[in-house]
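J.: Just to be clear, the model below is a prediction. Sequence and coordinates:
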Amino acid sequence: MEFISGNIYVRPNLLEKKGDKTAGHLHKFDHTTIFFRGSFHIRAARKYRQYECAACHHVFESRLTISPDCPSCGDKIDKKNIGEREELVAERDFTAPSHCLIKADIEHEIVALEDSSLYWCVYSHRTPQGKVTQIYEGWDAATR
């Protein structure tokens, strides 16, 4: 059950059993995660994909959040890739009550370290241009 509260958007998350997790995902903008009950393990990483351009055979790397063009010839690259790697940004445990900042474009996974662990993801309202606004304008992509 997600909801709007004044100038913020809130997504509550309940991990019922120890070991339950919110699978790795990322967001377009920074947001705060507040831990209300239980304890959690968070793993955050930047994901990269390696490509070989079909036109010029240049091999290069790009963040997963970016649709790449070949830096040598400018050719559009399809989704086919030749490998992936990740760069660990942070790995840490949290015990409620606590909070953390989840940075934009960082893939993160949250795992419950005990039963009935509750946390909320809290987002600012944004316009489609990414500007923070005090009122909800109906642009749900800001929280995905």
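T.: That came in fine, so what should we check first?

J.: Now for the spatially most central residue of the chain: which residues touch it?
T.: The centroid of the chain falls nearest to residue 26 when counting by C-alpha atoms, centre = their mean (1.7 Å). By C-beta atoms under 8 Å, 6 or more residues apart in numbering, the contact set of residue 26 is 64-65, 104-108. Any C-beta I mention is one placed from the backbone N, CA and C, and that applies to glycine too.

J.: and those residues, which of them are in strands?
T.: Judged by DSSP state E, the subset of the contacts of residue 26 located in strands is 107-108.

J.: who wins for most neighbours among the contacts of residue 26?
T.: Using other C-beta atoms under 10 Å as the neighbour criterion, residue 108 leads the contacts of residue 26 with 20 neighbours.

J.: Could you tell me the per-residue confidence at that one?
T.: Here the pLDDT value assigned to residue 108 is 93.

J.: Over to residue 143?
T.: Residue 143 is assigned 62 on the pLDDT scale.

J.: and residue 106, how far is that from residue 114?
T.: According to C-beta to C-beta, to the nearest Å, residue 106 and residue 114 sit 25 Å apart.

J.: brain fart, residue 83
T.: Residue 83 sits 37 Å away from residue 114, going by C-beta to C-beta.

J.: now the protein, which segments are flagged as low pLDDT?
T.: 65-67, 78-80, 139-144 (pLDDT under 70).

J.: residue at max distance from the center of the chain?
T.: Outermost residue of the chain (C-alpha atoms, centre = their mean): residue 56, 32.7 Å.

J.: Please enumerate the helices of this protein.
T.: Counting by DSSP state H, one finds no helices in the chain.

J.: any idea how far residue 132 lies from residue 42?
T.: According to C-beta to C-beta, residue 132 stands 24 Å off from residue 42.

J.: before we move on, what about residue 104?
T.: Distance, residue 104 to residue 42, using C-beta to C-beta: 16 Å.

J.: Residue 26 now?
T.: Residue 26 sits at a distance of 13 Å from residue 42 (criterion: C-beta to C-beta).

J.: what's the overlap in contacts for these two?
T.: Jointly contacting residue 26 and residue 42 under the rule C-beta under 8 Å, 6+ apart are residue 108.
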